[in-house]
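Visitor: A predicted structure for the sequence below; I have some questions about it.
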Amino acid sequence: MLTTVFGSAVFGVEATTISVEVHMDNGIGYHLVGLPDNAIKESSFRIAAALKNNGFTLPGKKITINMAPADLRKEGSAYDLTIAIGILISSGQIKAEHFGDFIIMGELSLDGSLQPIRGALPIAIQAREEGFKGFFLPKQNSAEAAIVEGIDVYGLSNLRELTDFLEKRNSLSPDLPAESDTLNLPDSDFDFSDVKGQESIKRCMEIAAAGGHNIILIGPPGSGKTMLAKRLPGILPPMSLHEALETTKIHSVAGKLKDVGLMRQRPFRNPHHSASSVSLAGGGSFPQPGEISMAHNGVLFLDELPEFRRDVLEVLRQPLEDREVTIARARFTVTYPSSFMLVASMNPSPGGFFPDAGYSAGSSNEMQRYMGKISGPLLDRIDIHIEVTPVPFEKLSATAPSESSSDIRKRVTAAREIQQHRFRDLDSIHYNAQMGSRQIRQFCKPDEASLSLLKTAMERLGLSARAYDRILKVSRTIADLDKSDEIKPEHIAEAIQYRSLDREGWRA
């Protein structure tokens, strides 16, 4: 008897429906074809034990299982439940109708209980688009899949629940999205009201958040760089439904969601400086998303930037420019979205302190070697450079409350709304940091006084050519925060302050 049960495979952040065809014939054998990996080939042992421990048997016949399309690589243990149901129906151990209306996925333990799978959200989205009525999957993944409207999602604890449902011996109710799956921002443990002093740095972080600008914080140990970076997601605007779904899909594919529905908080990823290029960009023989994709629609924080290997930092260049990362393999290419804000921090010298702070900062050659770990093309993609100095005791011991993240977020959200209206006719640009040369010429037109100020600053401070466009983009954001249609000299003047690393002699 031939039986076809449907599962799904995930490539990148998209799913493809897989037909699992089970055929019973005279003889003895277990043949699994259709480019399965080792985890799927080993499924026969898990399935046999799970069936026996739930009152069924693995038939002593010739079992041929084809996973179509046969030229598409399948990976992982999530097909255990799909294959097991196909065997039970094909061997006549259960009588089931309309099982072809469902996607069935899950990893089996030896006792028949189900373990979580990866990619439940993109699988549910694809199943709905292809007209499937329901999706059976492990209970741990049901919250994320239940986000998708128009398809019934059934979270299962074990194999017996599904067989009883298919034989109509019990009923299952579709899981509903969790009540907390709204786009209201949850409470955060990191708030700018906890930060003493550093008012100029808070202002700089507000500008970075308002325009989506990449930023690097330069300061000695203990000056508050990491503390400030961790509070940046709290002042970013709430995610739209589209952004939340995109972000949740990536984390679902990576297997990072457990009993979690729609992600409401923007991600904050903080990889260690010993991270490899694969862990940062993603990859592997069967590519998985890396840190830069996990930070999609959120913040990627690289603490102690010069401590990262140079080849690791170089993989950031293409994602920062294209807002996506492409991983090519011989048989296929996977693309993951990676639109994130880069926040980096570093000491001003190998010794950890500014050269004029009275401490040993290192020789000129050591400074050149230290700064040389960060390539010019990477710095070219960072709009804002700001020096962070230690907080004096008077401000550190002050009891007056500081401005909260929610107050700052209101101004940031208002500025983002201005930008969304400005770029409403452009599909690939949503905020100022994404502007290219053409948009800068169109939307960042300084008046004569502003242009004269910018020219003088570039000549006197020795600012590089790469600083020109960056200053204009940042000044456009400052003007948006001021609700000004025009870029004024004061906006240019403030933006010029945020190009520390472009000044001649800074590295000496």
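Guide: Happy to help now that I have it.
Visitor: CA atoms for contacts and neighbours, from now on please.
Guide: OK.
Visitor: Next up, phi/psi of Arg331, please.
Guide: phi -100, psi -20 (degrees, to the nearest 10).
Visitor: With the one 4 residues further on instead?
Guide: Main-chain dihedrals, Thr335, degrees, to the nearest 10: phi -120, psi 130.
Visitor: for the protein, longest strand please?
Guide: Criterion DSSP state E: the longest strand present in the chain is strand 14-25.
Visitor: hmm, who's touching it?
Guide: For strand 14-25, contacts defined as Cα atoms under 8 Å, 6 or more residues apart in numbering pick out 1-10, 61-69, 82-83, 86-87, 90-91, 122-123, 126-127.
Visitor: Which strand or helix spans Gly385?
Guide: Small correction: residue 385 is His, not Gly. Assigned by DSSP states H and E, His385 falls within strand 384-387.
Visitor: State the helix or strand in which Ile216 lies.
Guide: Per DSSP H and E, Ile216 falls inside strand 215-218.
Visitor: From the contact counts, what lies against that strand?
Guide: Other helices and strands packing on strand 215-218, by 3 or more Cα pairs under 8 Å, 6 or more residues apart in numbering; DSSP states H and E, are strand 341-346, strand 384-387.
Visitor: Which ChimeraX command selects the buried ones in the contacts of strand 14-25?
Guide: Buried residues among these (16 or more other Cα atoms under 10 Å), as a ChimeraX selection:
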select :3,4,5,6,7,8,9,10,63,64,65,66,67,68,82,83,86,87,90,91,122,123,126,127
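Visitor: Mark which of the contacts of strand 14-25 are part of helices, please.
Guide: Judged by DSSP state H, those include 82-83, 86-87, 90, 122-123, 126-127 as members of helices.
Visitor: What ranges does the stretch 1-150 of the chain have for its strands?
Guide: For the stretch 1-150 of the chain, the strands defined by DSSP state E, counting those that start in this stretch cover 2-11, 14-25, 29-33, 62-68, 102-104, 107-108, 114-115, 134-138.
Visitor: can I have the first one written out in PDB, keeping just the CAs?
Guide: So the one you mean is strand 2-11. Extracted C-alpha coordinates of strand 2-11, given in PDB (Å, rounded to 0.1, in the frame of the first residue of the first chain):
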ATOM      1  CA  LEU A   2       1.300   3.500  -0.900                       C
ATOM      2  CA  THR A   3       0.700   6.400   1.500                       C
ATOM      3  CA  THR A   4       1.800  10.000   1.100                       C
ATOM      4  CA  VAL A   5       2.300  12.200   4.200                       C
ATOM      5  CA  PHE A   6       3.500  15.800   4.100                       C
ATOM      6  CA  GLY A   7       6.300  17.400   5.900                       C
ATOM      7  CA  SER A   8       8.500  20.500   5.200                       C
ATOM      8  CA  ALA A   9      12.100  21.500   4.800                       C
ATOM      9  CA  VAL A  10      13.500  25.000   5.600                       C
ATOM     10  CA  PHE A  11      16.100  26.700   3.400                       C
END
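Visitor: which helices and strands sit right next to it?
Guide: Going by 3+ Cα pairs under 8 Å, 6+ apart, strand 2-11 lies up against strand 14-25, helix 80-90, strand 102-104, helix 120-129.
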